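**Q** Below is the sequence, then the predicted model.
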Amino acid sequence: MTRIYYDLSELFYAMSDKIKYYGIARTIIEVGYELSTLSTNICFVIYSPGHRRFFEVTPRIGHASENGTLDLGLPAAARPKRLRRSSAYSTRSAFHLAGSIFRRRSSLKRWRHIAPALVTPATLTDGILISLSQPRVVSDYIHALKQQKQTLKILPLLHDFIPLHENKKRTFNSNFVKDNAYILEHCGKILANSEFTRDELKRFSERGDLPQAKQIAVAPLAHEFRAETGEDTPLREHQGFLLCVGCTPGRKNLECVLDAMAHLQAQGAPVPDLVLAGGHRKRIDVLIASEKYCHIRDNVRISVDPSQQELMQLYKNAIAVVLPSLIEGWGLPAAEALWLGTPAIVSDIPVMHEVVGDLGLYFDPKDATELAARIRTITEDPNFRNELTTKIRQRRPALRSWQDVARDIIHAADTY
């Protein structure tokens, strides 16, 4: 079996009370845990931007970790300066060089908070580095190692290509394209987190927006929801509400859900409560407080940064989870809802058919009246909902676990 070095750099950059157990960090944690159970031939590493090299670490796993799955076990004070842009495509301007020097010095200073016994310099030349980190993190250390004339076999996972769908010009989008292009040029094999993401990569490459990938393997993400250990947290919300997780205005399309509720109210139909679970966003507050939604704002509750255990209770007590996104790379909220036996009302977009199949209700994400109709079906027809939830529970053995994801990644590494 190929010796695997698993990159935890994303967690290193994210060591902060403000970073919650979700998104890319969540995926890295779950896959890392499963890799540790499947293989003894695995080393966990982090990249230090101050030293411009990798170090082997021993994360806390399972019951020994703070989240019940995996954490770095390093002091938060050691978190390096957040990477704004990779050096892989820098202009080498005086401003950029000065900023890079400052970032490295600051990161080295913070590194002193780590006890020497917790980190060991790693070379990684005898195996393969698997990375699920953000593209800017991966492109930055590929560039640094290339400058040092180190040749590594790297297998990165690309989560989505959403910025390539946006027409607005902004620095993040431009840098995102450069990061992904640099990775594709310097890696012999790429992982995609869904068949949709793989197809997106091929399409953007054919269009000339990105280089062609040399090899692509698909490791679809999971449906599994792993709760933290301990007793269930008492639920602060009553049962029978709609739930949106990480839903914001814009691409996540919160507006469509609110418009659907407003449409129900205008029809004189019952309007279910809506719980929004996720980080606090001022733009959500502004949207809900707008005059357009004055008649339904009392039906909206916000659960800010729920713990994994609290989120599980929200999933279980919701009448349905709504995922109205215009585009996703996978769509964890819909997947997790099914794992916990809760119906999902989702956008009729390609990736949702991959995640949900025939276990969900679909709607046009640009048609709030269609979403309103789906909400009425799930809330006003108990027989339909009972039949659907029974079907979901019967299909659970076929849903993907995080161990399935880890096995797919190991296979991709062994066939690199």
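**A** Sure, I can see it. Numbers count the residues shown, from 1 in each chain.

**Q** Now do the domain split for the protein, please.
**A** Using automatic domain parsing, the domains assigned to the chain come out as 4-222+402-414, 241-398.

**Q** rank those by pLDDT, which is bottom?
**A** Ranked on mean pLDDT, the bottom entry among those is domain 4-222+402-414, at a mean of 91.

**Q** most remote residue from the chain's center?
**A** Gly268 (37.9 Å; CA atoms, centre = their mean).

**Q** Distance of that one relative to His295?
**A** 12 Å (CB to CB, to the nearest Å). Quick note: C-beta positions are derived from backbone N, CA and C, even for glycine.

**Q** And Pro234, what's its pLDDT?
**A** For Pro234, the predicted pLDDT is 55.

**Q** Tell me which residues of the longest helix that the chain contains come out buried.
**A** For the chain, the helix with the greatest residue count under DSSP state H is helix 94-111. Neighbour counts over helix 94-111 (16 or more other CB atoms under 10 Å) mark Arg103, Arg104, Ser107, Arg110, Trp111 as buried.

**Q** Which helix or strand lies directly C-terminal to that helix?
**A** strand 119-121 (DSSP states H and E).

**Q** who does that next one pair up with?
**A** Applying DSSP bridges to the sheet, strand 119-121 is found paired with strand 53-57 (antiparallel).

**Q** Quick one: distance of the partner strand to the chain centre.
**A** Relative to its chain's centre, strand 53-57 lies at 24 Å (CA atoms, centre = their mean, to the nearest Å).

**Q** what do you get for stretch 305-316?
**A** Distance, centroid of stretch 305-316 to centroid of chain: 17 Å (CA atoms, centre = their mean).

**Q** would you list every one of the helices in the stretch 51-200 of the chain?
**A** Here the stretch 51-200 of the chain has its helices, by DSSP state H, counting those that start in this stretch, at 94-111, 135-147, 171-186, 195-206.

**Q** Packing partners of the third one?
**A** So the one you mean is helix 171-186. helix 135-147, strand 153-158 (3 or more CB pairs under 8 Å, 6 or more residues apart in numbering; DSSP states H and E).

**Q** Deepest in the core, which of those is it.
**A** Comparing the helices and strands packed on helix 171-186 by mean neighbour count (mean count of other CB atoms under 10 Å), strand 153-158 comes out on top with a mean of 23.

**Q** And the contacts of that strand?
**A** 127-133, 135, 138, 142, 180, 183, 186-193, 197, 201, 219, 409, 412-413, 416 (CB atoms under 8 Å, 6 or more residues apart in numbering).

**Q** Just those residues: which are in strands?
**A** In strands, defined here by DSSP state E, the members of the contacts of strand 153-158 are Ile128, Leu129, Ile130, Ser131, Ile190, Leu191, Ala192.

**Q** How far does the helix or strand where Ile28 lies sit from its chain's centre?
**A** Using DSSP H and E, the element containing Ile28 is helix 23-38. Helix 23-38 sits 12 Å away from the centroid of its parent chain (CA atoms, centre = their mean).

**Q** closest to Leu8 among the ones in strands among the contacts of strand 153-158?
**A** Ser131 (9.3 Å; CB to CB).

**Q** who's in contact with the nearest residue to that closest one once chain neighbours are set aside?
**A** Once flanking residues are discounted, Ser131 sits nearest to Asp7: 3.9 Å by CB to CB, 6 or more residues apart in numbering. Counting by CB under 8 Å, 6+ apart, Asp7 makes contact with Ile28, Val45, Ile46, Tyr47, Leu129, Ile130, Ser131, Leu132, Ser133, Val138.

**Q** and the gap between Asp7 and Ser39?
**A** In terms of CB to CB, Asp7 sits 15 Å off from Ser39.

**Q** ok, now Ile114?
**A** Relative to Ser39, and taking CB to CB, Ile114 is found at 26 Å.

**Q** Now do the host helix or strand of Ala372: everything it contacts.
**A** Element membership for Ala372 (DSSP H and E) is helix 368-380. Applying CB under 8 Å, 6+ apart, the contact partners of helix 368-380 are 240, 242, 256-257, 259-264, 267, 269-270, 272, 319-320, 322, 324, 343, 345, 361-365, 384-385, 388.
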